[in-house]
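Asker: this one's structure only:
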């Protein structure tokens, strides 16, 4: 049985990953910023909460001492995670003016949550007393590998802001740096996902389908498998790797 810390646990990806780890019999420490959404997550998995296989922690990950706070809380609960999934997001940072300019505070906020926080939390869990951390997976995006395709966004005001891709590219490099620095005890890898169905209209899906070899966006049920692979012994020979799961978007 594994013990996995998952940040952004109540978001689109997070809920899928929490459910998958619980279904596999793991203990999950679910971290999110809002107690209300964590309570709803707990209601969805009431049996896991009762058996203490699901532990929720409300935490503002951008706070100065957030990583150490999580490590300290885990220690007090006698939880020694062997897996970490850095998945936190804050959509409020992803705003831009119609001409593509980004406010500095949003640029810094996105870089903090996407790069600084994963670095701090990984190191805090790796260095806690009696640490059992073995595998870290950082959740990235195809836009950390390539720039956006403007044909997908005929309305320029709806393009992903420039700092999103910049932060995801930095996350890939962070994964390499931490993989080297924490080897051989801890494996650190990244997954760059393509677009996932759920938040877009039919016209967007149709445009996307024409631009990707697979002819479609990813399905929600395709999220957990790659993460499980990198958290399992099947990936024991991999570290510092960016696994691209994008239906072929970056292949052409």
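Answerer: Yep, it's here. Note that this is a predicted model, so its numbers are computed, not measured. Residues are numbered from 1 along each chain as shown.
Asker: which parts of stretch 76-88 are buried?
Answerer: Neighbour counts over stretch 76-88 (16 or more other C-beta atoms under 10 Å) mark 79, 81-88 as buried. Every C-beta, even on glycine, is put in place using the N, C-alpha and C of the backbone.
Asker: Verify the stated contact: residue 32 with residue 6.
Answerer: No: using C-beta atoms under 8 Å, residue 32 is not in contact with residue 6, being 9.2 Å away.
Asker: hey, what's in contact with both of these two?
Answerer: Both residue 32 and residue 6 are contacted by residue 14, under the criterion C-beta atoms under 8 Å, 6 or more residues apart in numbering.
Asker: just to revisit the earlier point, now the buried residues of stretch 76-88 in TSV, with distance to residue 226, secondary structure and pLDDT?
Answerer: Below are these laid out as TSV (distance: C-beta to C-beta, whole Å; DSSP: H, G, I helix; E, B strand; the rest coil; pLDDT from 0 to 100):
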residue	distance to residue 226	secondary structure	pLDDT
79	25	coil	97
81	20	coil	98
82	19	coil	98
83	14	strand	98
84	16	strand	99
85	11	strand	99
86	14	strand	98
87	13	coil	98
88	18	coil	98
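Asker: Spatially, which two of those residues are the most separated?
Answerer: By the measure C-beta to C-beta, 82 and 88 form the most distant pair in these, at 19.6 Å.
Asker: thinking again about what came up before, go through the buried residues of stretch 76-88 and name the one nearest residue 174.
Answerer: When these are compared for distance to residue 174 (C-beta to C-beta), residue 86 wins out at 9.2 Å.
Asker: check contacts around the closest one.
Answerer: Taking C-beta under 8 Å, 6+ apart, we find residue 86 in contact with 7, 117-118, 121-122, 136-139.
Asker: Of these, select the buried ones using a ChimeraX command.
Answerer: Buried residues within the contacts of residue 86, by 16+ other C-beta under 10 Å, are selected in ChimeraX with:
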select :7,117,118,121,122,136,137,138,139
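Asker: Of the contacts of residue 86, which pair is most distant in space?
Answerer: Every pair in the contacts of residue 86 was compared (C-beta to C-beta); the two farthest apart turn out to be 117 and 137, at 14.5 Å.
Asker: how close does residue 242 get to residue 168?
Answerer: Residue 242 sits at a distance of 10 Å from residue 168 (criterion: C-beta to C-beta, to the nearest Å).
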